[in-house]
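Novice: build the 3D model from these lines:
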Amino acid sequence: GTAGSPDRAAPHPRRVLMWKTLLPLAAVLGSASAFDATPRVGLARSRVAHASNLRMATVAPPAAEMPNLDGMLPDCPKTLWDTEGIDVEKEQAAYRASDLPQCPVEVQATPEDNAKGAAYFAERSDEFRAMLKEHGTIWFKGFDLMKDEQGFRAFYDAVGLSPCLDPIHTSGLRAFASAKDAVYEEVNKQSLAGHFIGLHNEATKKKTAMYGAFVCFQPASVRGGEFFIADGAAIFRDMDPDVLKRLYENKVRISVSNLDLDFLGALGPLKESAMGFFKDLVASIVAPKFDMDLEMRYGTDGKAMRLQAIEGRQSPVTRHPETGKPVWFCNVHNHARYLRDRRPCTVPEVGMTDVYMGDLSHMDPKDLDHINEVSEKNMQWCAMKAGDVLLVDNYRVLHGRNTFEGDRYHAVSWFDGWKADGRSVVGDGGKPGNALNKMINTLIK
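Specialist: Have a look, this model is predicted:
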């Protein structure tokens, strides 16, 4: 009906206010763990242009038609925490007594390798699995197969990996580049080109993908956009023992968003009840969509009317679920506001993250400077070319991305393990589903 039509009631003012407030929050809460700590909304639409302009011909034989995975992927697995009783200094000394394997290790294609297509990876799948366990990251270079989404899927299927959803897929903020191939688009959006994405694992306190495969379909056409990684074992080894022990013993808490509600101050005697209303509203409606344990708190960063969504206490160190060796497993390099404020950042205030000590006191800037120094020391910058793939152990290796100019098209798939271990994605029943993902990426520009 038209405005004023008697057959349609006007929306309740409080409902209008609710959604005007919550939709912007929903658009950024995905920063919690995140590939980039920023939303990836609207990318599915922009990818249509990418597909026609950026896809490159594949020399290898075309892959056979594979089942459609849209709505069929299992959820991202729960985070496997193993944090009790770690002797920080003893474990650091053990790392220093022997050299860590090269990370990443490179596998360069030959013409003969390319001629085999996906069969090359199937034939060497056991070798690559062992290589990934030892080195933490494999950089596949010069392969023709992985120059489009279908070839990339043929690659990871031949290697033997079992795809799963992104840790916060249920938020609707992780846009697929190709849903039928379980390929998510990375942060290629022009509005985020000037944003530096710091080191992080693709993890929340509740969910963590075991492995990730990052593929380049087109590097940035002007400059930048380099992907970089760092070995969490090396960061653990190189941290000052006092800093590392203090963080390990006290734990950390990550704030994933800011919602400034200063306008509630004009409500006078109704302010306190309104603050409680919005706190409960965000906690009951928005937070569950991310399947994260979030506490809503006012004033933690010193701003009385700022409502923050904060994850529970978590250790910055855990034992690797396969090797049992301790690794730095913490997103502070990307999420700490102190560090973000000192490098290129284009995230709006509502999407700004921060990291506190376990008791919600502020982290010492000297400790943050030290974390940044050790992280940068261990960064390995990877100027990927079309068809290159970085296969990453997500518990051991952190990743990030440089700022860029021009068009850039990178993508990623996440995995819960290996098919040889009995995992299978086809026919899983589509949990938790892709409906919300599609809806939010349609509604939020």
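Novice: only C-alpha atoms for contact and neighbour calcs from this point on.
Specialist: Will do.
Novice: what about the stretch 51-200 of the chain, any weak spots by pLDDT?
Specialist: 51-64, 171-173 (pLDDT under 70).
Novice: the strands in the stretch 301-445 of the chain, which residues?
Specialist: 306-311, 317-319, 326-328, 354-357, 379-382, 389-393, 397-401, 404-405, 409-418 (DSSP state E, counting those that start in this stretch).
Novice: and the stretch 151-300 of the chain, by the same measure?
Specialist: With DSSP E, counting those that start in this stretch, the ranges of strands along the stretch 151-300 of the chain come out as 161-164, 176-178, 183-185, 197-200, 211-218, 223-224, 227-231, 252-260, 294-298.
Novice: give me the number of residues near the spatially closest residue to residue 255 that is not a sequence neighbour?
Specialist: Once flanking residues are discounted, residue 255 sits nearest to residue 310: 4.1 Å by CA to CA, 6 or more residues apart in numbering. Residues lying near residue 310 (other CA atoms under 10 Å) number 25.
Novice: okay, the strands of the stretch 151-300 of the chain in JSON lines with mean neighbour count and distance to residue 331 next?
Specialist: As requested, these are exported to JSON lines (neighbours: other CA atoms under 10 Å; distance: least, CA to CA, whole Å):
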{"stretch": "strand 161-164", "mean neighbour count": "28", "distance to residue 331": "21"}
{"stretch": "strand 176-178", "mean neighbour count": "25", "distance to residue 331": "23"}
{"stretch": "strand 183-185", "mean neighbour count": "24", "distance to residue 331": "21"}
{"stretch": "strand 197-200", "mean neighbour count": "26", "distance to residue 331": "4"}
{"stretch": "strand 211-218", "mean neighbour count": "26", "distance to residue 331": "16"}
{"stretch": "strand 223-224", "mean neighbour count": "16", "distance to residue 331": "22"}
{"stretch": "strand 227-231", "mean neighbour count": "25", "distance to residue 331": "12"}
{"stretch": "strand 252-260", "mean neighbour count": "25", "distance to residue 331": "8"}
{"stretch": "strand 294-298", "mean neighbour count": "19", "distance to residue 331": "16"}
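Novice: would you list these in a markdown table and tack on distance to residue 368?
Specialist: Formatted as a markdown table, these follow (distance: least, CA to CA, whole Å):
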| stretch | distance to residue 368 |
| --- | --- |
| strand 161-164 | 33 |
| strand 176-178 | 34 |
| strand 183-185 | 30 |
| strand 197-200 | 13 |
| strand 211-218 | 27 |
| strand 223-224 | 25 |
| strand 227-231 | 17 |
| strand 252-260 | 12 |
| strand 294-298 | 23 |
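Novice: among the ones you listed, which is nearest residue 123?
Specialist: strand 161-164 (13.9 Å; CA to CA).
Novice: of the strands of the stretch 301-445 of the chain, which is nearest residue 179?
Specialist: strand 409-418 (10.3 Å).
Novice: who does that closest one pair up with?
Specialist: Using DSSP bridges, the strands paired with strand 409-418 in its sheet are strand 161-164 (antiparallel), strand 183-185 (antiparallel), strand 211-218 (antiparallel).
Novice: so which of the strands of the stretch 151-300 of the chain is nearest residue 374?
Specialist: strand 227-231 (9.9 Å).
Novice: what are the contacting residues of that closest one?
Specialist: 103, 136, 199, 375, 378-384, 396-402 (CA atoms under 8 Å, 6 or more residues apart in numbering).
Novice: do the same with stretch 261-276
Specialist: Contacts of stretch 261-276 (CA under 8 Å, 6+ apart): 305-307.
Novice: highest neighbour count among those?
Specialist: With neighbours taken as other CA under 10 Å, the top of the contacts of stretch 261-276 is residue 307, carrying 25 neighbours.
Novice: go through the strands of the stretch 301-445 of the chain and name the closest to residue 224.
Specialist: strand 404-405 (4.2 Å).
Novice: what about residue 122, distance to residue 414?
Specialist: 19 Å (CA to CA, to the nearest Å).
Novice: looking at those two, which has the bigger crowd around it?
Specialist: residue 414 (27 against 19).
Novice: OK, contacts around that one?
Specialist: Residues near residue 414 by CA under 8 Å, 6+ apart: 163-166, 209-213.
Novice: quick revisit: and the residue nearest to residue 255, how far from residue 87?
Specialist: 28 Å.
Novice: residue 186 now?
Specialist: 37 Å.
Novice: out of those two, which sits in the busier spot?
Specialist: residue 186 (24 against 10).
Novice: the more buried one contacts residue 401, doesn't it?
Specialist: No. Residue 186 is beyond contact range of residue 401, at 9.8 Å (criterion: CA atoms under 8 Å).
Novice: which stretches of the stretch 1-150 of the chain form strands?
Specialist: 105-108, 137-141.
Novice: from these, which stretch is densest packed?
Specialist: strand 137-141 (a mean of 22; mean count of other CA atoms under 10 Å).
Novice: outside of that one, which residues touch it?
Specialist: With CA under 8 Å, 6+ apart as the criterion, strand 137-141 contacts 103-109, 131-132, 385, 387-393, 397.
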